[in-house]
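Novice: model this:
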Amino acid sequence: MNRNHILVLACVLFLLGPACTPEADPSVDNGADTGAGPGTDNGGDPTAGLPVATFTIKKSGLRGNFDASGVSSPSCAADQILVRWDYTNDGTFDTDWTDEKTAVFTYPGDGKYSVTLEIKDTAGQTDLATRSFTITKVNTSPTAAFNVSMVKGMTASLDASSCSDLEDPVEDLAVRWDFDGDGTYDTDWTTAKTAEHTYTTAGEYTVKLQVRDLNMATRNASETIVASPITIRNSFITYGSPYMIALHFRMINNLTGQVVTPDDVPALTREHFTISEGNVPIDLSETNQLLYNGKRPMYLALLLDFTGSMYDAGGVTPMLEAACAFIDSQGSTTHVSLWAFWERQGGAGQILDFTRCTDSGKTALKDSLDAFAATYHDRGATEVWDVIKQIVDTTEEFPEYDTGINRGIVFLSDGHDTTSKTSVSALINAARKKAIFIFSVGLALRPEEYPSDEYDLKRIAEDTGGLYFTVNQVDDLSTVFNQMSEDVNADWTLSYITLKDFGTHKARVLCTYLHGYTTMEGKFPVTNDVRGDIKKGLLLAYPALDSPAGTTEYTLYAGYIPRNIAAFKVRVTSADPATLTLYDTDTICSPSDGWTISPDVAAGEDPPADGWYTLSCISFLEYGAWGRIARCTVSATGAPQVTFELPDAQGQSDLYGDKTFVFVKDGSATLTVP
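Specialist: Predicted coordinates:
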């Protein structure tokens, strides 16, 4: 080749451009470092710089519609890539090379087929793609289904991988989502079956899914979700005379995962709640609306697993340590009973009946637990669900009619039930009927052997308003029990006076705390037990939970306060010295709010000779209020006899006008209340 030939060839190569020069071939590594240009640095990937064959399928009866417009190559534009098709994947291509990217082929009948696409770029490089599919003359629409879970209350995590189709595999099904149910889909069609959406405003939304098969047939599914930074859990309703309705609940801050307490900032107040009866909102000026925290006594049954699998996992000792720490964490308003199960042939029962968690009560509980653990118990097949059902059905402190007591079962086990006659659904229904929440702790789970164990434990907890914890390390038990203790003691009560006088009604409450959206509801009948005289106040007297050494204390308590009450007059008599004083905290008659108490002193005597005390304030108590009024301290132990008495009709008229107060018997044998 002479010098002129070389010059001519160089000019031709320059005019043809870099795609046809050997140096520009992305499949050739000439060892030169040319920077970040495409195909020059493949990071060791032998496929870098090669064309990629891909295509989609649509079907219409026996006709297949194929689209390869998504092919690519770094060597040239997509419209320069040639394609050809083998419609039956028999090794013989049924079309010639063409730059037309779509093709149609009609198959002879129903069946499973495979189609192969081959592509070739301008550098002569090729790639193949093969897909198998089922084709039928008559198509069946796909099924549409999805699961949704809320992340921190405001983000919906969606999964439609459970969609299916008789003809097409799940990976070929396309989906799209409408996150707010407004009829406009918020995503394009995609074969990715998962999605996530964060809501900016709390509320109730309908999420819609549309799924499409390769025949373009569609099916829809929808589900209503609540997006909210708060959630009300374990709510139930109580009711009694006169027309008093109370909703009890715990509230969760979904952003932190913690229960809402009075110490939270901002504070939870009654202004965050809207109450409706029969979808008609009740104005605060028409009735009372009172929010209290921690007023209910707590009854907890603690059920522990002493089966062989727990011993084998080394879980018994840390379980006992965590249980004792849990008992120690409870306040004096909590009562705990101890239960255990270990083997189905009589291997279950109560260790100790409900015991109040005073210092002496906690000692008795822990001593009983240690004594039980020190003895040997047979280890065999277990009936876990039957034991929990027994606790639900037979515990006297868990009555059918709810009395406002906070009640629950704390249940720790590896979760494997072998022989129970009670189904999980029956257990859940029984617990919910009595407003019993269940906290389940799954320890040393064996999902490869018993895949349903964790699912059952979680379902029992969540469907009864409790919580589920999984513990992979036995050392984590103390952390779990501490969290449970915080949760079960963060209870709230919202009360009001219904305006209904007959029939059965549904109360619904909406809470917007933290700009959230969470609801609770319940039905109540206006029977003789609910009707009453709204001008008649209700008082109770009962032994206090704790008494100072050498004394016995009783609590004077209001069950219901009529309108415009700012005074009480009570007589206290006892064979032993007794005085009536105000509480400083946890009372509706607080000195800090202006309440005073004074004996009706006769001739300068103190304590008063006749035992009468007057409690008064310049401000009225809230209508419908309830709670502690005063304490009676008797200088004697052993439940001394005390009598509480109210003024006669004339005395009450002088104090209250057309209002009156009466004592309600509480069944206590230590009190005499005329």
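Novice: now do the buried residues in the longest helix that the chain contains.
Specialist: Assignment by DSSP state H gives helix 359-374 as the longest helix of the chain. Buried positions in helix 359-374, judged by neighbour count with 16 or more other CB atoms under 10 Å: 361-362, 364-366, 369, 372-373. Glycine gets a C-beta too; all of them are placed from N, C-alpha and C.
Novice: with adjacent residues omitted, what lies nearest to Gln652?
Specialist: Nearest residue to Gln652 in three dimensions, chain neighbours excluded: Thr660, at 5.1 Å (CB to CB, 6 or more residues apart in numbering).
Novice: ok, that neighbour to Pro647 distance?
Specialist: Using CB to CB, to the nearest Å, we find Thr660 at a distance of 10 Å from Pro647.
Novice: so where do the helices sit in the stretch 1-150 of the chain?
Specialist: 3-16 (DSSP state H, counting those that start in this stretch).
Novice: then the stretch 251-400 of the chain?
Specialist: Going by DSSP H, counting those that start in this stretch, the stretch 251-400 of the chain shows helices at 308-312, 316-329, 359-374, 384-394.
Novice: and Leu582, which of those helices is closest to it?
Specialist: helix 359-374 (25.8 Å; CB to CB).
Novice: name the helices or strands packed onto that closest one?
Specialist: On a contact count with 3 or more CB pairs under 8 Å, 6 or more residues apart in numbering; DSSP states H and E, helix 359-374 meets helix 316-329, strand 334-343, strand 347-356.
Novice: 6 Å instead?
Specialist: Using 3 or more CB pairs under 6 Å, 6 or more residues apart in numbering; DSSP states H and E, the elements in contact with helix 359-374 are helix 316-329, strand 347-356.
Novice: would you turn the ones you listed into TSV with distance to Asp172, mean neighbour count and mean pLDDT?
Specialist: Converted to TSV, the helices and strands packed on helix 359-374 look like this (distance: least, CB to CB, whole Å; neighbours: other CB atoms under 10 Å; pLDDT from 0 to 100):
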stretch	distance to Asp172	mean neighbour count	mean pLDDT
helix 316-329	50	19	85
strand 347-356	52	18	85
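Novice: can you list the ones you listed in TSV and add distance to Tyr113?
Specialist: TSV is the format used below for the helices and strands packed on helix 359-374 (distance: least, CB to CB, whole Å):
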stretch	distance to Tyr113
helix 316-329	59
strand 347-356	60
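Novice: for Leu621, find the nearest of those.
Specialist: Of the helices and strands packed on helix 359-374, nearest to Leu621 by CB to CB is strand 347-356, at 29.3 Å.
Novice: which helices and strands sit right next to the closest one?
Specialist: strand 334-343, helix 359-374.
Novice: could you give the angle of that strand to strand 334-343?
Specialist: 170 degrees (axes from the mean of the first three to the mean of the last three CA atoms, to 10 degrees).
Novice: can I get strand 347-356 in PDB? Just the C-alpha atoms.
Specialist: Taking C-alpha atoms only, strand 347-356 is exported to PDB below (Å, rounded to 0.1, in the frame of the first residue of the first chain):
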ATOM      1  CA  GLY A 347     -49.300 -29.700  83.500                       C
ATOM      2  CA  ALA A 348     -50.900 -26.300  83.800                       C
ATOM      3  CA  GLY A 349     -52.400 -24.200  86.600                       C
ATOM      4  CA  GLN A 350     -52.300 -21.200  88.800                       C
ATOM      5  CA  ILE A 351     -49.300 -20.600  91.000                       C
ATOM      6  CA  LEU A 352     -50.700 -17.700  93.000                       C
ATOM      7  CA  ASP A 353     -54.000 -15.800  92.800                       C
ATOM      8  CA  PHE A 354     -54.200 -12.000  92.100                       C
ATOM      9  CA  THR A 355     -51.900 -10.200  94.500                       C
ATOM     10  CA  ARG A 356     -51.700  -6.400  94.800                       C
END
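Novice: run the chain-centre distance for that strand.
Specialist: 29 Å (CA atoms, centre = their mean, to the nearest Å).
Novice: just use 41 as the starting number from now, easier for me
Specialist: Will do, 41 is the new start, and the previous item becomes strand 387-396.
Novice: residues touching it, excluding its own?
Specialist: Contact partners of strand 387-396, identified using CB atoms under 6 Å, 6 or more residues apart in numbering, comprise 375, 377-381, 401, 404-405, 408, 412, 418, 427, 437.
Novice: got those residues as a markdown table, with distance to Leu206 and pLDDT columns?
Specialist: Output for those, formatted as a markdown table (distance: CB to CB, whole Å; pLDDT from 0 to 100):
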| residue | distance to Leu206 | pLDDT |
| --- | --- | --- |
| His375 | 58 | 87 |
| Ser377 | 54 | 93 |
| Leu378 | 55 | 94 |
| Trp379 | 50 | 92 |
| Ala380 | 51 | 89 |
| Phe381 | 47 | 83 |
| Gly401 | 64 | 91 |
| Ala404 | 65 | 94 |
| Leu405 | 60 | 95 |
| Ser408 | 61 | 95 |
| Phe412 | 58 | 91 |
| Asp418 | 52 | 71 |
| Val427 | 45 | 87 |
| Glu437 | 55 | 70 |
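Novice: from those, which is closest to Cys657?
Specialist: When the contacts of strand 387-396 are compared for distance to Cys657 (CB to CB), His375 wins out at 33.7 Å.
Novice: settle this for me: that closest one is touching Leu342, isn't it.
Specialist: No - the pair His375 and Leu342 fails to qualify as a contact (CB atoms under 6 Å) at a distance of 10.9 Å.
Novice: please enumerate the strands of the stretch 41-190 of the chain.
Specialist: Here the stretch 41-190 of the chain has its strands, by DSSP state E, counting those that start in this stretch, at 96-100, 103-107, 122-126, 142-146, 151-160, 166-175, 187-191.
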